[in-house]
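Peer 1: Quick one, what's the 3D model for this:
(one chain, ligands or ions: 2)
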Amino acid sequence: MLPISSMADMMTKLSSAIGGLMIAYAMFQNYFPYEIRGPIKRYTQKFISFLYPYIQITFNEYHGDGFERSKAYAAIERYLNANSTKQAKRLQANVVRDSESIVLSMADYEEVTDEYKGIKLWWASSQTIPNRQSISFYPREDEKKYFMLTFHKRYRDLITNNYLKHVLDEGKAITVRERRRKLYTNNKSEGWYGYRRSMWSHVIFEHPASFDTLAMDPHKKQEIVDDLINFSKSKDYYAKIGKPWKRGYLLYGPPGTGKSTMIAAMANLLKYDVYDLELTAVKDNTELRKLLIDTASKSIIVIEDIDCSLDLTGQREKKKADKKKGDENGKKKDAENDEVKEKLKKLEEERTRQARGRMDMRIELSYCGFEAFKFLAKNYLGIDSHELFETVRQQLEETKMTPADVAENLMPKSGSDDAETCLRRLMKALEEAKEEEMKRKAEEEEKQKEAEKLAKEEEEEERKKKEMEDGAEKKHETLENGVKENGEAKKSSDDDGKNLENGVKENGK
Ligand SMILES: Nc1ncnc2c1ncn2[C@@H]1O[C@H](COP(=O)(O)OP(=O)(O)OP(=O)(O)O)[C@@H](O)[C@H]1O
Ligand SMILES: [Mg+2]
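Peer 2: Ligands and ions are numbered 1, 2, ... in the order given. Model (predicted):
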């Protein structure tokens, strides 16, 4: 096949020749009898298409008056960039907005070839420069870029039906694959307005976690992976049944058992962005709604520790309330605070209740069980079974150890470590963990006993104190009575005084 440039060359020559032919035909047809005009026309068409047996399709960067860049153009750009830039000699660097990375694409007027099922095709990039002399507001009006695809008309159906779809799909897939994903965290609402306003801040999300390295029961894992993939592909289905395209997963389990790791693995599997929603920074449901609306599609929204954030908000409000208390002493204010606190608590509870209620799948991540252990043994030591497995199984039943710790102990520490050495190390660690646990339990029991003893002693003391106080009160009462009696006695002596006074008066008289 000829390269496009020499082909184009040939075409120009040919078209002038064809032009000549057409004129000749137009002149001649008047002289031909009517019956043979049809066949002549047909043969001329055949002759022309024989000389130019190619079809050209143009893909404009912007279609019509649209301000939006054509998705097809973008996909083709990515496709050609991945498949054909090696051939192109002149490349152009573009910073793609959503990926924050540089993408090389073929420069204008470059051409590359592609092959599809043994068929050769030509792609050329070009642009039309308008000849009108006006100043345009939109720069793209001035340069209308486009890709042109040329292929033999014999493959018309295959190209239009299959190849183009293949290019667009592939291009989109590359876009998703190469997109650098982001980890967002919500800002406090004070930062939502004014200059540099944004509800979410982001960093580039780079987490190596994958389902391949996540230790858990392989069946459970497969179930989750299938569920995720099924969900990611069912956008149309959700639209059909009129449900919003979303799915809730509740991950729960003790610390360090892989909840965060699983979220990262999910994001990596689906190539989604992650929004880490800090509930404590959210004032009310309206704010929450605004935040959620401001998230992009194809993302994972993480609400961490829904129980904890409930507590935290409670604490935060308490702190605030305490502070306020200091500022303005007054029982009324305190009552108001309590009311606000109560309202906030209700709101928070409502939110967590909603979140919980909308979960489609509950996933428990827990301490390492035998299945997760087997997975790690296969991953780290390359073994499916071992005579020590049974002991490990029993130990794991008795001892709580996170998958991460099991992995740490199972990992060969030097080249000479064989499977048995590693398994024995794990068993020793499990043994130690069990002893530790028992010691901790014993200590706890001791503490508990100590506390109980202390409580009893305190109670006893309290009782004694009360008794003594009671005794003292009684004494006091009698004493008081005594005092009263004395008072009466005093009163009578006062009377005496009066009498005396009177007496004096009398005397004075
Ligand atoms: N099931 C697991 N498989 C592989 N690695 C794990 C697993 N669980 C935990 N880890 C490792 O342990 C570390 C802690 O795990 P992670 O942060 O995911 O725990 P978490 O459940 O989110 O804990 P927390 O409740 O404290 O947030 C990570 O570095 C992770 O690699
Ligand atoms: Mg975590």
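Peer 1: In which helix or strand does the nearest residue in space to residue 412 that is not next to it in sequence reside?
Peer 2: In space, and not counting its chain neighbours, residue 412 is closest to residue 422: 5.7 Å by CB to CB, 6 or more residues apart in numbering. To be clear about C-beta, it is placed using only N, CA and C from the backbone, and glycine gets the same treatment. Per DSSP states H and E: residue 422 is located in helix 419-508.
Peer 1: coming back round to it: count the neighbours of the residue nearest to residue 412 for me.
Peer 2: If you count neighbours by other CB atoms under 10 Å, residue 422 ends up with 21.
Peer 1: Quick check, it in contact with residue 380.
Peer 2: Yes: the pair residue 422 and residue 380 passes the contact test of CB atoms under 8 Å, sitting 7.3 Å apart.
Peer 1: ok, residue 266 to ligand 1 distance?
Peer 2: Computed with CB to the nearest ligand atom, to the nearest Å, the distance linking residue 266 and ligand 1 is 12 Å.
Peer 1: got a pLDDT number for that residue?
Peer 2: What the model reports as pLDDT for residue 266 is 94.
Peer 1: next one: residue 349
Peer 2: We have a pLDDT of 68 for residue 349.
Peer 1: can you check residue 305 too?
Peer 2: With respect to pLDDT, residue 305 scores 69.
Peer 1: likewise the one 3 residues further on?
Peer 2: pLDDT, the model's per-residue confidence, is 52 for residue 308.
Peer 1: Also residue 315?
Peer 2: Confidence score, pLDDT, at residue 315: 43.
Peer 1: Residue 209 too?
Peer 2: Residue-level confidence at residue 209 comes out at 88, pLDDT.
Peer 1: Work out for me the element the residue lying closest to it once chain neighbours are set aside sits within.
Peer 2: Spatially, and ignoring its direct neighbours in sequence, residue 209 is nearest to residue 264 (3.8 Å; CB to CB, 6+ apart). Element membership for residue 264 (DSSP H and E) is helix 259-270.
Peer 1: Between residue 422 and residue 380, which contacts overlap?
Peer 2: Contact criterion CB atoms under 8 Å, 6 or more residues apart in numbering; residues shared by residue 422 and residue 380: 410, 411, 412.
Peer 1: and the nearest residue to the second one once chain neighbours are set aside, what does it touch?
Peer 2: This means residue 411. Excluding the flanking residues, the one nearest residue 411 by CB to CB, 6+ apart is residue 380, at 5.4 Å. Residue 380 makes contact with 407, 410, 411, 412, 422, according to CB under 8 Å, 6+ apart.
Peer 1: Compute the mean per-residue pLDDT across stretch 382-402, please.
Peer 2: Averaged across stretch 382-402, pLDDT comes to 93.
Peer 1: Quick check: closest non-adjacent residue to whichever residue of the stretch 201-350 of the chain sits closest to ligand 1.
Peer 2: Nearest to ligand 1 in the stretch 201-350 of the chain, going by CB to the nearest ligand atom, is residue 258, at a distance of 2.8 Å. Counting by CB to CB, 6+ apart, residue 258 lies nearest to residue 365, which is 5.0 Å off, once chain neighbours are set aside.
Peer 1: quick one: the helices in the stretch 301-450 of the chain?
Peer 2: Ranges of helices in the stretch 301-450 of the chain, per DSSP state H, counting those that start in this stretch, are 306-327, 331-357, 370-381, 389-398, 403-410, 419-508.
Peer 1: Quickly, which of those bottoms out on average pLDDT?
Peer 2: For those, the weakest mean pLDDT is recorded on helix 306-327, namely a mean of 43.
Peer 1: Enumerate the residues of this structure near ligand 2.
Peer 2: Within reach of ligand 2 by CB under 5 Å from the ion, the chain has these residues: 259, 260.
Peer 1: pLDDT at the residue of the chain found nearest ligand 2, what is it?
Peer 2: Per CB to the ion, residue 260 is where the chain lies closest to ligand 2, at 3.2 Å. Residue 260 is assigned 90 on the pLDDT scale.
Peer 1: Please report how far it lies from residue 396.
Peer 2: 23 Å (CB to CB, to the nearest Å).
Peer 1: Neighbour count for those two, which is higher?
Peer 2: The neighbour count for residue 260 versus residue 396, taken as other CB under 10 Å, is higher for residue 396 (20 against 17).
Peer 1: quick one: the more buried one and residue 430 touch, right?
Peer 2: Yes: at 7.1 Å, residue 396 counts as touching residue 430 under the criterion of CB under 8 Å.
Peer 1: Who are the contact partners of residue 126?
Peer 2: 108, 109, 145, 146, 147, 148.
Peer 1: Pretty sure residue 125 is one of the things the third one touches, is it not?
Peer 2: The one in question is residue 145. Yes: in this structure, residue 145 is within contact of residue 125 by CB under 8 Å, at 7.0 Å.
Peer 1: Those two: who's more crowded?
Peer 2: More neighbours surround residue 125 than the other of residue 145 and residue 125, with 24 against 18 (other CB under 10 Å).
Peer 1: quick revisit: which among the contacts of residue 126 end up buried?
Peer 2: Buried members of the contacts of residue 126, scored by 16 or more other CB atoms under 10 Å, are 145, 146, 147.
Peer 1: a helix runs through the second one, doesn't it?
Peer 2: By that I understand residue 146. No: counting by DSSP: H, G, I helix; E, B strand; the rest coil, residue 146 is not part of a helix but strand.
Peer 1: Ignoring the adjacent residues along the chain, who's closest to it?
Peer 2: In space, and not counting its chain neighbours, residue 146 is closest to residue 60: 4.7 Å by CB to CB, 6+ apart.
Peer 1: thought that neighbour was touching residue 73?
Peer 2: Yes: applying CB under 8 Å as the test, residue 60 and residue 73 come out as touching, 6.7 Å apart.
Peer 1: if we can go back for a sec, could I get the shared contacts of residue 422 and residue 380 as JSON lines with distance to residue 182 and neighbour count?
Peer 2: Output for the shared contacts of residue 422 and residue 380, formatted as JSON lines (distance: CB to CB, whole Å; neighbours: other CB atoms under 10 Å):
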{"residue": "410", "distance to residue 182": "34", "neighbour count": "22"}
{"residue": "411", "distance to residue 182": "32", "neighbour count": "15"}
{"residue": "412", "distance to residue 182": "36", "neighbour count": "14"}
